[in-house]
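In: need a 3D model of the sequence below.
(4 chains)
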Protein chains: 2
Amino acid sequence: MDTNVPNSPMNENLREAQDRFVAVWGQMAGAWGISRTMAEVHALLYISGQALCTDDIMERLQISRGNASMSLRALLDWNIVSRVTKRGDRKEYFEAEQDVWALFRAIVRERMNREVDPLLASLYEIRDMTAKAEKGKGEDASAQQRERIDNMVAFFETLEKLSQRFVSPSGKGLQLAATMLSKFPDLGFGAKEEAR
Amino acid sequence: MDTNVPNSPMNENLREAQDRFVAVWGQMAGAWGISRTMAEVHALLYISGQALCTDDIMERLQISRGNASMSLRALLDWNIVSRVTKRGDRKEYFEAEQDVWALFRAIVRERMNREVDPLLASLYEIRDMTAKAEKGKGEDASAQQRERIDNMVAFFETLEKLSQRFVSPSGKGLQLAATMLSKFPDLGFGAKEEAR
DNA sequence: TATGATTTTCAGAAATGATTGAAAGAAAAA
DNA sequence: TTTTTCTTTCAATCATTTCTGAAAATCATA
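Out: Numbering: from 1, shown residues only, chains lettered A, B, ... in the order given. Alright, predicted model coming up:
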């Protein structure tokens, strides 16, 4: 049986543009820390602006059912795609978050949890190990090494705190600030030094 | 012949801490968009705080000469490791940037150049393709699609501008702001909403 | 409960990415 | 120039990740 293809005979240019968007977004997959297909599925859902079912996605991206299923599941885990049910239709449909800033807040949140939090935990342990060494011989080397780790720790703690503000409800305040800051280069933060 | 191993008999705890740091940093490689070995080499140079030669690195990380050479070259390209020559010694030595904020400014600069700039260029083209489609039939779908691309473009343009401030000489202003902001949660940017 | 539509799982296949090691290249010293 | 030391390159190999497809599981409905 034929799968539901919304707005079936799509404008040619439009579809070509979508294909390019999917390809380009797929190339960025590495940057978001996800697989290429996962990024492509997300790109398709985002750019089409519609809820699509697994078969739509398989057909459009020419991927297997297994791949589609796993990619969608992963996107749900990342909270950037959500399930949609249509009454009178047993299939599951999927749609992408359409607010770009919300999308990136979700990505930041997820990556902080998955990558930075465990890193910080390890850094604390490593700092302790180094601190222990300070009792024995080679105290100088130890103290210097601990300082280097401290600098790392301080950086990631700042990143952590900043990201918490970014992903929180008030993150929209930070979003506004970012937009203003990018639009008016003369606002605060040492813009004058830059002008020299 | 034996290669130069500075401070030869290193405190055991110290070395173990270094090894863990190298391992942990290597696992983060994906996050910085570089290969595991590259990250490990960088980690070793950073945590040791010394200039090391290729043989030191090969021996400590148990990697081949070719791998060491290519990883070092890539780190030089990223501007986070620099060459050092020692008078009376023919070998090249390498040392890592020790200022953590400078390190991350370099990473941001590099990733913006390699990833975001080409992405934006493609997005402009894709937007044009979509805009062309607006003349023909299905004008609604086209206009909506163009809007979605515009939102993406606006986001990345903001990111671009922000990063330019961050990596510029006055980036240190932004660094200071970030540190302050993380230390005093009640400063600006809608902190009150957050408190509810 | 039995049926049929839909989704998930996972072992093996395919694709991609990283690493080695030996040979060629480069550059200082003899 | 020749020798010696050190560095780079790259085809072949190895390791890891991703993808497929068919079987098993799930789940609504009759």
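
In: only C-alpha atoms from now on, for both contacts and neighbour counts.
Out: Will do.

In: please parse chain A into its domains.
Out: A:12-96, A:100-170 (automatic domain parsing).

In: hey, least reliable of the ones you listed by pLDDT?
Out: Mean pLDDT values for those show the minimum at domain A:100-170, a mean of 92.

In: ok, it near chain B or not?
Out: Yes: shown here: domain A:100-170 in contact with chain B (Cα under 8 Å from any Cα of the partner chain) through A:100-101, A:115, A:119, A:122-123, A:126-127, A:129-130, A:132-133, A:136-138, A:142, A:145, A:148-149, A:151-152, A:155, A:158-159, A:161-162, A:168-170.

In: that domain near DNA strand D at all?
Out: No: using Cα under 7 Å from any atom of the strand, domain A:100-170 stays clear of DNA strand D, with a minimum separation of 14.1 Å.

In: need the pLDDT of residue A:172.
Out: For residue A:172, pLDDT reads 84.

In: which residue ranges of chain A form strands?
Out: For chain A, the strands defined by DSSP state E occupy A:52-53, A:81-85, A:92-96.

In: winner for burial among these?
Out: strand A:52-53 (a mean of 22; mean count of other Cα atoms under 10 Å in any protein chain shown).

In: show me what that strand is packed against.
Out: Strand A:52-53 is packed against strand A:92-96, with contacts defined by 3 or more Cα pairs under 8 Å, 6 or more residues apart in numbering or on different chains; DSSP states H and E.

In: rerun that using 10 Å as the cut-off
Out: Strand A:52-53 is packed against helix A:36-48, strand A:81-85, strand A:92-96, with contacts defined by 3 or more Cα pairs under 10 Å, 6 or more residues apart in numbering or on different chains; DSSP states H and E.

In: show me the contact partners of the last one.
Out: Residues external to strand A:92-96 that are found in contact with it (Cα atoms under 10 Å, 6 or more residues apart in numbering or on different chains): A:41-57, A:72, A:75-76, A:79-86, A:103.

In: and it, does that touch DNA strand D?
Out: No: if you take Cα under 7 Å from any atom of the strand as the test, strand A:92-96 misses DNA strand D, and the best it gets is 10.5 Å.

In: give me the distance between residue A:140 and chain B.
Out: Distance of residue A:140 to chain B, computed by Cα to the nearest Cα, to the nearest Å: 11 Å.

In: skipping adjacent residues, who's closest to that residue in space?
Out: residue A:134 (7.8 Å; Cα to Cα, 6 or more residues apart in numbering or on different chains).

In: what about that neighbour, how many residues close to it?
Out: Around residue A:134 sit 20 other residues, with neighbours defined as other Cα atoms under 10 Å in any protein chain shown.

In: quick check: phi and psi at it.
Out: Phi and psi for residue A:134, reported as degrees, to the nearest 10, are phi -70, psi -20.

In: quick check: longest helix of chain A.
Out: As assigned by DSSP state H, the longest helix anywhere in chain A is helix A:139-167.

In: tell me which strands and helices that helix is in contact with?
Out: Secondary-structure packing of helix A:139-167 (3+ Cα pairs under 10 Å, 6+ apart): helix A:100-111, helix A:117-133, helix A:171-183, helix B:12-27, helix B:36-48, helix B:100-111, helix B:171-183.

In: for the first one, give me every contacting residue.
Out: It stands for helix A:100-111. Helix A:100-111 has contacts (Cα under 10 Å, 6+ apart) with A:32-33, A:46, A:77-81, A:96-97, A:99, A:112-114, A:116-117, A:160, A:163-164, A:166-168, A:171-172, A:175, B:31, B:148-149, B:151-156.

In: returning to that earlier point: deepest in the core, which of the helices and strands packed on helix A:139-167 is it.
Out: Counting by mean count of other Cα under 10 Å, helix B:36-48 has the highest mean neighbour count of the helices and strands packed on helix A:139-167, with a mean of 22.

In: by contact count, what packs against that one?
Out: With contacts defined as 3+ Cα pairs under 10 Å, 6+ apart, helix B:36-48 has these neighbours: helix A:139-167, helix B:12-27, helix B:29-32, strand B:52-53, helix B:54-61, helix B:65-77, strand B:81-85, strand B:92-96.

In: C-alpha coordinates for that helix, CSV please?
Out: Listed next in CSV are the C-alpha coordinates belonging to helix B:36-48 (Å, rounded to 0.1, in the frame of the first residue of the first chain):
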residue,chain,number,x,y,z
ARG,B,36,41.2,10.5,19.8
THR,B,37,44.9,10.4,19.4
MET,B,38,45.1,14.0,18.5
ALA,B,39,43.2,14.8,21.7
GLU,B,40,45.5,12.5,23.7
VAL,B,41,48.6,14.1,22.3
HIS,B,42,47.2,17.5,23.2
ALA,B,43,46.3,16.3,26.7
LEU,B,44,49.8,15.0,27.3
LEU,B,45,51.4,18.2,26.2
TYR,B,46,48.9,20.3,28.3
ILE,B,47,49.1,18.3,31.5
SER,B,48,52.9,17.8,31.4
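
In: any idea of the angle it forms with helix B:65-77?
Out: Here the directions of helix B:36-48 and helix B:65-77 differ by 70 degrees (axes from the mean of the first three to the mean of the last three Cα atoms, to 10 degrees).
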